[in-house]
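Chemist: Just a sequence and a predicted model for now, questions to come.
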Amino acid sequence: MQTARIYQRPKNAMQSGKARTDHWQLEFEPGEPKRPDPLTGWAGSGDTRDQIRLSFPTCEAAVAYAEAQGLAYAVIPTPTKTLKLQSYADNFR
């Protein structure tokens with residue numbers, strides 16, 4: 001049986017906004033490695049659980065869902081956010 005990963009969505013690197021970063025995701029670990037398709041060269045596999053991503057408002061809701069469905073799960077803690085505070089004058093030192 002595959003293990004489900006529960007983690008908090010990271011901030012989009014292409015934008016400065018933090019929309020939907022308070023949501024939690026449940027997704028399954030890959031069941032088989034990806035291999036290149038002989039015709040197109042695209043990476044793929046026969047594992048259809050790789051396409052499933054469920055979103056929850058809280059970590060507790062995601063854990064409750066996994067336990068209700070009888071899924072093995074691992075909660076990945078959210079990394080701490082560190083800010084690098086510097087002033088414009090620091091560029092000239």
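Modeler: Structure's in. What do you need?
Chemist: Now do the strands in the protein.
Modeler: When secondary structure is read from DSSP state E, the chain shows strands at 3-8, 24-28, 35-36, 43-44, 53-56, 72-75.
Chemist: And for the second one, what's in contact with it?
Modeler: Put plainly, it is strand 24-28. When contacts are defined by Cβ atoms under 8 Å, 6 or more residues apart in numbering, strand 24-28 is touched by residues 2-9, 49-50, 52-59, 61-62, 65-66, 73. For glycine as for every other residue, the C-beta is placed from the backbone atoms N, C-alpha and C.
Chemist: Only the buried members of those: can you turn that into a ChimeraX selection?
Modeler: Applying 16 or more other Cβ atoms under 10 Å to the contacts of strand 24-28, the buried members can be selected in ChimeraX as follows:
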select :4,6,7,8,9,50,56,59,62,65,66,73
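Chemist: who does the one helix or strand in the chain whose mean pLDDT sits lowest touch, helix- and strand-wise?
Modeler: One helix or strand of the chain scores below all others by mean pLDDT, DSSP states H and E: strand 43-44, with a mean of 88. Strand 43-44 is packed against strand 35-36, with contacts defined by 3 or more Cβ pairs under 8 Å, 6 or more residues apart in numbering; DSSP states H and E.
Chemist: Could you name the helices and strands sitting against the strand it packs on?
Modeler: Right, strand 35-36 is packed against strand 43-44 by 3+ Cβ pairs under 8 Å, 6+ apart.
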